[in-house]
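Trainee: Just the structure for this:
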Amino acid sequence: MRNYLPLRNVALLLLFLALLFSLDKIFANPKASASMSPKPTEAKPSLRSYAVEMPALPFIQNTIAAMTPVFPNDPDNKMIKGICALAQGQLSQSQANDWLKGLSIDSSKIPAKGSNLSLLVNGDKKLQAAACAAYVSSSVFSLVTLSDFAIAIAPPAREKKSKNAPAATPSSPKWKMDDARLQQYLKTKLSAAKANADFYVFIAIELAKKHGLTPEEYGYQIQQLFTTFAPYYLRHFNELYNGSPQQYKVVNLTEDELDFISSDGYHFIRNDDGVIFKYNNIMWYGGGYLIGKYYTMNARYSGPELATY
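Mentor: Residues are numbered from 1 along each chain as shown. Coordinates of the predicted model:
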């Protein structure tokens, strides 16, 4: 009796041979396999928010400095000093108007809002105090101006060696230190630096409580907090300035660097790297530190969404 394969086995064999034939064609022609599979759709770039931990101090410092009104062609800072006098009740509005008149400025033509001079006429004590406090605070970071505490002595011009020689140009002036003015200058710097450390730390503590804000939102919070603190900041600065007298020793004093120490244990340095302020060799202000502690804030930045693997 002959053995025949069942029909079911024959069908399976034919199906297996057909599959082998189709695979052979695919591997022989890769383009064919690519055409058989659907094309992947290109992923569109998407944005998401990232939490970035950043030092709070430089952000506080820069935001408050930006709150200081800018007055072009006022190298002696007369305008902001006038605002400070109004904010602290040292000048009445009528006295301020007379003072402006003496500077050939008609106070009646200054708008209540929208002008740098508005704070000199609108009677807004809150904003006057904020502007004045921002000015005092940011004065800590200003570069050294020798004319603030020294007298320039111009040396005589060199004589011409011959008739045809060009006229001699005077050399750079030498500076004679006025010790009384220098002590006042150092006292002002140190008082403002102390006040900054004392009040910036309050702001840093409040910012640390808020998570997920954008840098712009943090900036708004800093402005609001400092505006609230401004009258107390000015009072504290005056108390520090008028407190017990201290002695100051200059370590280095040039147009590029101010380095001095005080008899109550403070060490102040202002150079190209910014301000470093220590108390008994503890970092009191600078490098992200405030009163010995490094403060950060968690800012929310928007950026491209990254793939995770």
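Trainee: so where do the strands sit in the stretch 201-309 of the chain?
Mentor: 248-253, 258-262, 266-271, 274-279, 282-286, 289-290, 293-294, 296-304 (DSSP state E, counting those that start in this stretch).
Trainee: which of those sits most buried?
Mentor: Comparing these by mean neighbour count (mean count of other C-beta atoms under 10 Å), strand 289-290 ranks first with a mean of 24. (C-beta placed from N, C-alpha, C; glycine too.)
Trainee: What average pLDDT does that strand get?
Mentor: For strand 289-290, the mean per-residue pLDDT is 97.
Trainee: What of stretch 224-239?
Mentor: 97.
Trainee: could you dump the strands of the stretch 201-309 of the chain to CSV with distance to Ser138?
Mentor: CSV is the format used below for the strands of the stretch 201-309 of the chain (distance: least, C-beta to C-beta, whole Å):
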stretch, distance to Ser138
strand 248-253, 21
strand 258-262, 15
strand 266-271, 12
strand 274-279, 11
strand 282-286, 14
strand 289-290, 16
strand 293-294, 22
strand 296-304, 20
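Trainee: Would you map the strands across the stretch 1-150 of the chain?
Mentor: 47-55, 150-153.
Trainee: got those strands as CSV, with mean pLDDT columns?
Mentor: Formatted as CSV, the strands of the stretch 1-150 of the chain follow (pLDDT from 0 to 100):
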stretch, mean pLDDT
strand 47-55, 81
strand 150-153, 78
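Trainee: of all those, which lies closest to Met297?
Mentor: Smallest distance to Met297 across those (C-beta to C-beta): 6.3 Å, for strand 47-55.
Trainee: Partner strands of the closest one, with direction?
Mentor: strand 296-304 (antiparallel) (DSSP bridges).
Trainee: picking up where we left off before, for Val140, find the nearest of the strands of the stretch 201-309 of the chain.
Mentor: strand 274-279 (5.9 Å).
Trainee: Which strands or helices does the closest one pack on?
Mentor: helix 179-208, strand 266-271, strand 282-286 (3 or more C-beta pairs under 8 Å, 6 or more residues apart in numbering; DSSP states H and E).
Trainee: how about these in CSV, adding distance to Ser302 and mean pLDDT?
Mentor: Output for these, formatted as CSV (distance: least, C-beta to C-beta, whole Å; pLDDT from 0 to 100):
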stretch, distance to Ser302, mean pLDDT
helix 179-208, 20, 95
strand 266-271, 36, 96
strand 282-286, 30, 96
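Trainee: So for Phe141, which of the ones you listed sits nearest?
Mentor: Phe141 sits nearest to strand 266-271 of all the helices and strands packed on strand 274-279, at 7.1 Å, using C-beta to C-beta.
Trainee: What are the contacting residues of that closest one?
Mentor: For strand 266-271, the surrounding residues in contact (C-beta atoms under 8 Å, 6 or more residues apart in numbering) are 140-141, 143-144, 186, 189-190, 193-194, 256-262, 275-279, 281, 284.
Trainee: what do you get if the cut-off is 7 Å, keeping everything else the same?
Mentor: Strand 266-271 is contacted by residues 189-190, 193, 256-261, 276-279 when judged by C-beta atoms under 7 Å, 6 or more residues apart in numbering.
Trainee: Return the member of these nearest to Ile291.
Mentor: Tyr279 (8.2 Å).
Trainee: Who is that closest one paired with across the strands?
Mentor: Here Tyr279, judged by DSSP bridges, has bridge partners Tyr266, Ile282.
Trainee: Check the spacing between it and Ser137 real quick.
Mentor: 18 Å (C-beta to C-beta, to the nearest Å).
Trainee: out of the strands of the stretch 1-150 of the chain, nearest to Lys125?
Mentor: strand 47-55 (32.9 Å).
Trainee: how much does that closest one deviate in direction from helix 179-208?
Mentor: Following axes from the mean of the first three to the mean of the last three C-alpha atoms, to 10 degrees, one obtains 140 degrees for the angle between strand 47-55 and helix 179-208.
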